[in-house]
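Trainee: show me how the following folds:
(chains A and B)
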Amino acid sequence: MKRSGVLPWLTLLAWPLHVHSAWDVDALMKSLARHEGGRARFVETKTIALLDKPVVSSGELRYQPPARLEKRTLKPKPELMVLDGDTLLLERGKQKFQVRLAEQPEALAFVDSLRGTLSGDRATLEKSYKLRLDGNEQRWTLDLLPNDPRIAAFVLRITFGGANSQVEWIRYLQADGDSSTMTIEPVEAR
Amino acid sequence: MTRSGHRAIAVWLLGLVACVAVIAQTRFTADMSAFMPQRPSATQQLLVEQLREGALSRLLLVGIEGGEPAARAELSKQLAGRLAASPEFAGVQNGDAAALAKDRDLLFSHRYLLSPAVNPGRFTVDGLRQAIGDSIDLLASPAGLMIKSLLPRDPTGEMIELVGALGADHGPASAHGVWMSRDGRRALLMAQTVAPGADTDGQEQALARLRAAFGEVRERLPQAADMRLLVSGTPVFSVDARRTIRGEVERLAIVSGVGIIAVLMLVFRSLPALALGLLPVVSGALAGVAAVSLGFGHVHGLTIGFGTTLIGEAVDYSIYYFVQSREGNDGDWRARFWPTIRLGVLTSLFGFASLLFSGFPGLAQLGLYSMSGLLVAAAVTRFVLPPLRPAGFRPPDATAIGRAVAPLLGGLGRLRWLAFGLAVLAVATLVVQRDRLWNLRLSELSPMSPALLALDESLRGELGAPGQGYLVVVGAPEREAALAAAERVAGRLQVLVDQGVIAGFETPTRFLPSRATQQARRAALPERDELARRLREATAGLPLRAERLAPFLDDVETARSVESQPWLDAEILKGSHLTLAVDAMLLQRQSGWSVLLPLRAPAAGEIDAGRVRAAVADEPGAAFLDVGREANRLYAEYLDEAIVLSLAGFAAIAVLLAVSLRSVRRLLRVMAPLAIAVLLVMAGLALAGERMTLLHLVGLLLTVAVGSNYALFFDKADAAIEPRTLASLVVANITTVIGFGALATSTVPVLHAIGVTVGPGAVLALLLSAMLAGGRAR
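Mentor: Numbering: from 1, shown residues only, chains lettered A, B, ... in the order given. Prediction:
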């Protein structure tokens, strides 16, 4: 009796709070899902213990929601990576690799972190990661923490940062301490 | 019984014993070798070797269905383990991740002997700077994750060269650590039998081992009870073909045997006579198999299948004997009837003799089989049946049959014009249909069921296993020379890949380079101090410091000397999956070594054979082979040859008859019904939409052989055919139709072809003989 008397009050108290915190993972996902895709320039900086200096690469991203993502690296070496459905194609000079992601659950989970975030697919993300959202709608960061030890064996944390429906940077922290950060700057569609 | 009778029986018995002894030693095959030429050209020789001994002839494609994916994967692993340990299999692959990792290790530790990028320039300061720079750039790529841990040992990226060359994009899909179909419902394996394609017995044994191993593993694994084994591949085809042919032959022999025995029983009404009546048939069949075995060293299942057809004609001889002869007066039969039968037998022998000259061993076997079988059957009828004939045996008077039939045939005699009218129509039909008469595809002779072919296609697709496909073949007397030639050809093929003429190719030299190439690569490796010095210079200004690359110096030092790293040879590859690939592509032959380089067609369609030939033209001994097309072309040549030979056989028969009948008029009277019967059968097949193969042609020859007896008897009866003779012809015709009618129902194309040709052909030959005899039947 007592509890049932208090609960409505608590709910009432929570009500305005809830209005304030309307910015949550679901809201971010909805916002991301509205993104219509397009082109963006990227700069990726990899910090690798073996190397004295970070490796920097840059190029263009092209995203077609929900499943196709093209990463065209222009520097230092031209390279094309196409992620489409469950195939990953990597073209580099004369060499061509094709990976069917369905057969490599780890790689798929890794790829899904990117695609799931870009398309605002919470269900897919939560299959392999714990999500942690910080900041507000105008400036947010989303941490993906792998809950599958096979993924955690090579990536400790993936962080997306952005504003509204736009992802502005992605940082990967690898299990061996190496890390990479990619900044993304949209190119206005014609 | 006369003394000559005793002698005949003794000779016959000895002959039978000898035949049985030969047959007991005989090897029965069902592989494609029967379709291969005896005196092949160089290209054809390659084709023959491929089909008889090539990797494809030994490759089993295996699928496991049912149960849970994880359990299926476990079964796949255990099955692969068992097969790898059994003596029937040269190797097994199931995509097991652990096994693949072992292969990768082998490649990695031999990378300086294997990598095509290893040359002196690679280890100069500039070369090192370039290669290491590329590797650092690669770290920026998603692929960098793969190479990061290897970088201190392999800063020049040789492993990437190797893996890139392997073409990582066309292996089968995998799940749970083993190969699995895309939809995840089938675990997949590939197994190579030790027995070559020509050894059907060995392959059957290997298949039995596979099935037994699957059964045992399934038994021991929980959750495996409802798993099923699917097997395909050339060994399954030849084993299955042999079994199908055997089964069909047994079934047909029983069906036609029962039918014929029933007819004979009705006519002879005597068990001993019936038993005697079958003696020529049995003797002929045994003699036929024994003769082929002696002449060819083995007997093809196809020939055995053909054996049943002999029943149809050979039984005629005993029918003629028992129906035509009178008790105690064999002399009368010998004088009045035997010459006609003898001429009929000779006619058949002339017809079939043409087949002996065929370059198609299958046909030559049939020719020899028929000739020896008919000869023996006739001889047994003539020399063995009379002395064995039970004393007091009185064949029931069959003249009643003759009298009953005579009016009908007499009626036919007034329809002479109809025969010629039909002949004209048949010719017209054949002219109109001339482009659709013959079937030029070798596969049409294959007794494979569509279900088996569909399974093969689906497994092949999922495994990405090579089809019959395209090959470039290189040969040399020595293995090293063959490998070196393959390396030169591979260089030219790479140009074609870059130009998009072919999508890719395989070569054993990827895993087993020639000794000369290995030597050159080894020689390109600088000694340790020198390499260290160059490395320092090369890495100046790069973010990767030379100090971090000590493992690289160690590995190169190891690779420099034969003591620390022996030459890469077949022995080192043994036990890895790489050896399977090498074995499949590097063949030892009587005359030396052959290297096969399978080509992949571009996605757009077919390979431009002209450009491939041009590219390898200046490499002596290199040849491009389009296996499917070559096989069909070969078959088309056989068909052309067989048509010519059959015509020659027909001409030989005409000459024989002309010489023995000594009358153009009589010659025409005998030949016309046969020729018209052949035309009508061909026209009928064309109208029914059945395209003729080699075996239809053999059927036509048989029609002439069987029919010539009828025509000769009608011709012999100068005034009017006797009811007794007529009865024997009708009975013989009925048994022939029963024998070949049963064949026509067969699912084996070869047997079916003969059945649908000879069955109607024999009836037509009898009717036409009656028509053209001019109504002289009483």
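Trainee: sec struct for residue 145, please.
Mentor: If you meant another chain, say so; for now it's chain A. Following DSSP: H, G, I helix; E, B strand; the rest coil, the label given to A:Leu145 is strand.
Trainee: that's the other chain; I wanted chain B
Mentor: On the three-state scheme (three-state DSSP), B:Leu145 is labelled helix.
Trainee: cool, the one 10 residues further on as well?
Mentor: B:Pro155 falls in the coil class when you classify it by three-state DSSP.
Trainee: mind checking pLDDT for B:Arg52?
Mentor: Here, the pLDDT recorded for B:Arg52 equals 71.
Trainee: again with B:Asp435
Mentor: B:Asp435 carries a pLDDT value of 84.
Trainee: same check on B:Leu418?
Mentor: At B:Leu418, pLDDT is 86.
Trainee: wait, B:Ala423 sits on B:Val678?
Mentor: No: with contact defined as Cβ atoms under 8 Å, B:Ala423 does not reach B:Val678; the gap is 10.0 Å. Where C-beta positions appear, they are placed from N, C-alpha and C, glycine not excepted.
Trainee: which of the two has more neighbours?
Mentor: Neighbours per residue (other Cβ atoms under 10 Å in any protein chain shown) separate B:Ala423 from B:Val678, with B:Val678 holding more: 23 against 18.
Trainee: how many residues are close by the nearest residue to the more buried one once chain neighbours are set aside?
Mentor: Leaving out its chain neighbours, the residue that sits closest to B:Val678 by Cβ to Cβ, 6 or more residues apart in numbering or on different chains is B:Leu700, at 5.2 Å. Residues within reach of B:Leu700, counting by other Cβ under 10 Å, total 26.
Trainee: hang on, B:Leu700 in a strand?
Mentor: No: read with three-state DSSP, B:Leu700 is helix and lies in no strand.
Trainee: after the host helix or strand of B:Phe713 comes which helix or strand?
Mentor: B:Phe713 belongs to helix B:694-716 when elements are defined using DSSP states H and E. As assigned by DSSP H and E, the chain's next helix or strand after helix B:694-716 is helix B:723-744.
Trainee: show me where chain A has strands.
Mentor: A:38-47, A:55-64, A:68-75, A:79-84, A:87-92, A:95-100, A:129-136, A:139-146, A:155-163, A:166-174, A:179-187 (DSSP state E).
Trainee: still on that earlier bit, tell me the contacts of the residue nearest to B:Val678?
Mentor: B:646, B:678, B:681-682, B:757, B:761 (Cβ atoms under 8 Å, 6 or more residues apart in numbering or on different chains).
Trainee: what is the nearest of those residues to chain A?
Mentor: Relative to chain A, the closest of these is B:Thr757; by Cβ to the nearest Cβ it sits at 51.7 Å.
Trainee: spit out the contact partners of the closest one.
Mentor: Here B:Thr757 is in contact with B:681, B:685, B:696, B:699-700, B:702-703, B:740 (criterion: Cβ under 8 Å, 6+ apart).
Trainee: try 10 Å this time
Mentor: By Cβ atoms under 10 Å, 6 or more residues apart in numbering or on different chains, B:Thr757 lies in contact with B:678, B:681-682, B:684-685, B:690, B:692, B:695-703, B:740, B:743-744.
Trainee: same question for A:Gly120.
Mentor: A:25-35, A:65-66, A:165.
Trainee: equivalent analysis for B:Cys19, please.
Mentor: By Cβ under 10 Å, 6+ apart, B:Cys19 lies in contact with B:283, B:285-291, B:293-294, B:372, B:376.
Trainee: for B:Ala101, helix, strand, or coil?
Mentor: Under three-state DSSP, B:Ala101 comes out as helix.
Trainee: now swap in B:Pro513 and tell me
Mentor: coil.
Trainee: again with the one 3 residues further on
Mentor: Following three-state DSSP, the label given to B:Ala516 is helix.
Trainee: look through the stretch 1-150 of chain B and state the residue closest to chain A.
Mentor: Closest point on the stretch 1-150 of chain B to chain A, by Cβ to the nearest Cβ, is B:Ala140, at 3.9 Å.
Trainee: what pLDDT is listed against that residue?
Mentor: For B:Ala140, the model assigns a pLDDT of 78.
Trainee: how about it, nearest residue that isn't a chain neighbour?
Mentor: That would be A:Ser57: by Cβ to Cβ, 6+ apart, it lies 3.9 Å from B:Ala140.
Trainee: low pLDDT regions in the stretch 251-400 of chain B?
Mentor: For the stretch 251-400 of chain B, the stretches with pLDDT under 70 are B:305-309, B:311, B:327-328, B:394-396.
Trainee: can you map out the strands along it?
Mentor: B:299-300 (DSSP state E, counting those that start in this stretch).
Trainee: much appreciated, bye for now.
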